[in-house]
Structures are given as structure tokens and as C-alpha cells.
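A.B. asks: Can you look at this prediction? I've put the sequence above it.
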Amino acid sequence: MLRVQTGLERLIESPPKWILGCRLGLLSNPASVDRNFRHARGLINKKFSGQLKALYSPQHGFFAEKQDNMIESEDMIDSVLKIPVFSLYGQTRIPLKEMFDPIDVLIIDLQDVGTRVYTFIYTMSYCLEAAKKFGKKVVVLDRPNPVCGSVVEGNCLSSECNSFVGRFPIPMRHGMTMGELSLLFNNYYGKGCDLEIVKMKGWDRNMYFNDTGLPWIPPSPNLPTTMTAMVYPGQVLWEGTNVSEGRGTTQPFEVFGAPFIDTEKVLSDIGGSKLEGAILRYNVFEPTSNKWKGTLCRGFQVHITDPNKFNPYITSIKLLKSVCFHHKGEFEWKQPPYEYEYKSLPIDLIIGDKEIRRRIEKNDDIDEIARYWQDDLTEFIEISKMFHLYKS
């Protein structure tokens, strides 16, 4: 097993001299651990004794205890260090001056999942803006992109679909690490704060998380395994529909279904259960919460057989298109609100382009849909290479 050293581990091993004496803040959650499961809070507090002055939490809370979207967490006092924990998914998602007053340097150590709609990257972007505004420095401790950094997939966000699940014109599967994204946001999209990245050691762009030798800690409650993270860039689309994305089951995003789905029609439409790099297994489940709570749902579980051949986004677009076409009158787009947007359809915010939703509704050919976004995707790939910190 190849040994990858995270930014957290490298900071603790070889801290820069300038950090001594600085008042530190830490944006983290339960996935912010080293390979021995020791949390960043304890490691940083021990290494820089007396310097850690404040903690910050992203969506789902400091302990990743909040299950669903738009469930806010409160500010609190950390029970161990007796310092404030400021919620950046509570009364505000943009850091306020009083939140940054106790610190000189904000350390960000969050595990991203490689998907445009995952909010941690936008919490980071707001922190970059606030750091510029309030004269603070940001240090990003880099972590692996769990769905690898060599594959980029899907359409780029259209400006009319901007929200807290999409602030910049990046594709659904962006192929970048948190450190690389922070450079893209800061330098290309003009956030302009004093930013430093602590790079990983031993990671390359072809690695999936299981190749790293690092422990997987769920960064949020409904991403329990690395397999969940691998299907998520596509399966998250079901959040914008009345089809269950598997919340309320033990396999969120890996399973999906609804009481009305005719699985045989779907399979005949997409050419059978064997997909590129995956198998669809017929599945019946009953969610204990969320959509269709306590109701029998028919659908599938996605089993990835070859992650290097599996393209989650185009696979889920195919499935969504088929379910939409064969279940008129029963299939519905979910209505607002979604992530604090009260006018746009949630599916438009998730897909990031209203035109693609219209093409799905018209049952357009899947290759034509993919061609629609290809030029923007090609442009993004060239832009993103400017900020790559690791080789393939």
C-alpha cells in the first residue's frame, strides 16, 4: 500500500517558523484526522500550545452530527479546549468579523469528496473572502480527492444556477484537491487573500481514496464509505427529484428508488444491468427517514466493478432520463427550497444548468447532452491545470 502523507501530518512534522506565536483558528470536522485517527484539533493544540484560539465547523456540524441539508448547527464552546466553535452553517454561511477577531491565521483541514455540489469547498471560498477582508492568513492542509484527480466529468456551472452548492463554473466531478481548489478560487476567481497550501506527500492524480492507505472517516453522515463517494457525483442528482437517493438507509446514494419505478423498463432503456464499470442490481428498500419514509421503494443498487471505467455523472443522467421518460405523472422534480434558494428548482441548482434539465425532460440522446457541455469542460480542464500541485 502506498503511503500518502496529508497536509495535516506534514504541518505537525515540519511546521513553518512563521506560525510560532500566531493566534490560530481551525476549520475542521471529524474527518480531519491523521493516519492514526488523531484529530487535527488535538494535534495542533499540542504542537502549538496555547495558540489555538477558535474552531469553525462546516455543514453538518463540528461532529458531522446533522443528517440532512438545511439543518443548521449552533455556535458553542468546545468542551475539551474551552474555546469558541463558530458554525459556518448556522445563522450565517459567511464568516463575520467577530468570528475572525480571535485569530491571525485560519487553518482549513476538510476532506472534500470531489463533487461540485459538496458545500465544504464553498465554505472555504467564503473563508478566503473573509480573510482578505479582515486581514487574516489562510493555510489549507491538503487531502486527497477521493474520486481521483485525473478524471473530470460533467457540465460546468451556469451563472444562472449560482447557489451554496455552486459558486464557480466548475464541472460536477472537478478532479482537484482542496488545496488546488483554494488556489483556483483565490488566484483565478480573484479572492486574493494571503494563502498558503501544505501539500500532501506521496499522492498522485490517479489515486482513488482506497489507494492512499489513509483511514476513511465520513465527512458527512450520508457519505459513510469510499464507495458512496465514488457514486455521489452522479447519484446526488436524485436529491432534486421525488426518487429516494437512499437517505434513511444504510447505503445512501448507492441505492435509489421509488414505489412507482418500473425497473424492467429502465433496464431495457439503458441496455441492461451491466454498465461501463458498474452493475445495477435490482433492489427493494424502505427508508426510515426522508423521502418515502416507511414505504417500499423499488430501484437499484450501483455496484462499481471498475472505478477507472465508471463515469458516475453520465451514468446517473442516463438513469434519471429513463425514470423521467417512463414515469410521467408519477416522477416529479422536487420543489424549492434547496440550500437556501427559494425560487430555482433544486435539480437546476444540482445539475448547474437549466438547459440540461430541459434536455432530460425531452429525452434527448445522451451523447447530444454530453456534447452540449464539452467545450466548457475542455476549457475548465486547461484552466485547472494551472493550479495542479500533483502529477499523474
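C.D. replies: Nice, thanks for sending it over.
A.B. asks: got any ranges where the protein has weak pLDDT?
C.D. replies: 1-2 (pLDDT under 70).
A.B. asks: mind listing the helices for it?
C.D. replies: In the chain, the segments counted as helices under DSSP state H are 7-13, 40-47, 97-100, 120-134, 178-183, 226-235, 263-270, 312-326, 346-351, 354-361, 366-385.
A.B. asks: Need these in JSON lines (columns: distance to Tyr208).
C.D. replies: (Each C-beta comes from the backbone N, C-alpha and C, glycine too.) Shown next, in JSON lines, are these (distance: least, CB to CB, whole Å):
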{"stretch": "helix 7-13", "distance to Tyr208": "19"}
{"stretch": "helix 40-47", "distance to Tyr208": "23"}
{"stretch": "helix 97-100", "distance to Tyr208": "35"}
{"stretch": "helix 120-134", "distance to Tyr208": "19"}
{"stretch": "helix 178-183", "distance to Tyr208": "16"}
{"stretch": "helix 226-235", "distance to Tyr208": "7"}
{"stretch": "helix 263-270", "distance to Tyr208": "25"}
{"stretch": "helix 312-326", "distance to Tyr208": "12"}
{"stretch": "helix 346-351", "distance to Tyr208": "23"}
{"stretch": "helix 354-361", "distance to Tyr208": "27"}
{"stretch": "helix 366-385", "distance to Tyr208": "19"}
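A.B. asks: now those helices in CSV, with mean neighbour count and distance to Gln251?
C.D. replies: Listed next are the helices of the chain as CSV, based on neighbours: other CB atoms under 10 Å; distance: least, CB to CB, whole Å:
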stretch, mean neighbour count, distance to Gln251
helix 7-13, 20, 29
helix 40-47, 19, 29
helix 97-100, 16, 37
helix 120-134, 21, 22
helix 178-183, 24, 26
helix 226-235, 24, 7
helix 263-270, 16, 17
helix 312-326, 22, 15
helix 346-351, 24, 20
helix 354-361, 17, 25
helix 366-385, 14, 26
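A.B. asks: Out of those, which is closest to Phe285?
C.D. replies: Comparison of the helices of the chain against Phe285 by CB to CB identifies helix 263-270 as nearest, at 12.6 Å.
A.B. asks: need the contact list for the residue nearest to Glu361 when sequence neighbours are not counted.
C.D. replies: In space, and not counting its chain neighbours, Glu361 is closest to Cys324: 6.4 Å by CB to CB, 6 or more residues apart in numbering. By CB atoms under 8 Å, 6 or more residues apart in numbering, the residues touching Cys324 are 331, 360-361, 363.
A.B. asks: Distance-wise, check Cys324 relative to Lys362.
C.D. replies: For Cys324, the distance to Lys362 equals 10 Å [CB to CB, to the nearest Å].
A.B. asks: Can you give me the neighbour number for Gly21?
C.D. replies: The criterion is other CB atoms under 10 Å. On that basis, Gly21 has 10 neighbouring residues.
A.B. asks: That one reaches Gln51, doesn't it?
C.D. replies: Yes. Counting by CB atoms under 8 Å, Gly21 does reach Gln51; the two are 7.4 Å apart.
A.B. asks: correct me, but Phe164 touches Ile121?
C.D. replies: No. Using CB under 8 Å, Phe164 is not in contact with Ile121, being 10.5 Å away.
A.B. asks: can I see the domain layout of the protein?
C.D. replies: As assigned by automatic domain parsing, the chain contains the domains 7-221, 226-361.
A.B. asks: check contacts around the residue most central in space within the chain.
C.D. replies: A centroid search over the chain (CA atoms, centre = their mean) returns Tyr118, at 2.8 Å, as the residue closest to the centre. By CB under 8 Å, 6+ apart, the residues touching Tyr118 are 112, 165, 232.
A.B. asks: May I have the phi/psi pair for it?
C.D. replies: Phi and psi for Tyr118, reported as degrees, to the nearest 10, are phi -80, psi 120.
A.B. asks: Going by distance to Gly213, which of the contacts of Tyr118 wins?
C.D. replies: When these are compared for distance to Gly213 (CB to CB), Asp112 wins out at 18.5 Å.
A.B. asks: Tell me the spacing between the nearest residue to Met176 once chain neighbours are set aside and Gly135.
C.D. replies: Excluding the flanking residues, the one nearest Met176 by CB to CB, 6+ apart is Ser384, at 5.9 Å. Distance of Ser384 to Gly135, given as CB to CB: 29 Å.
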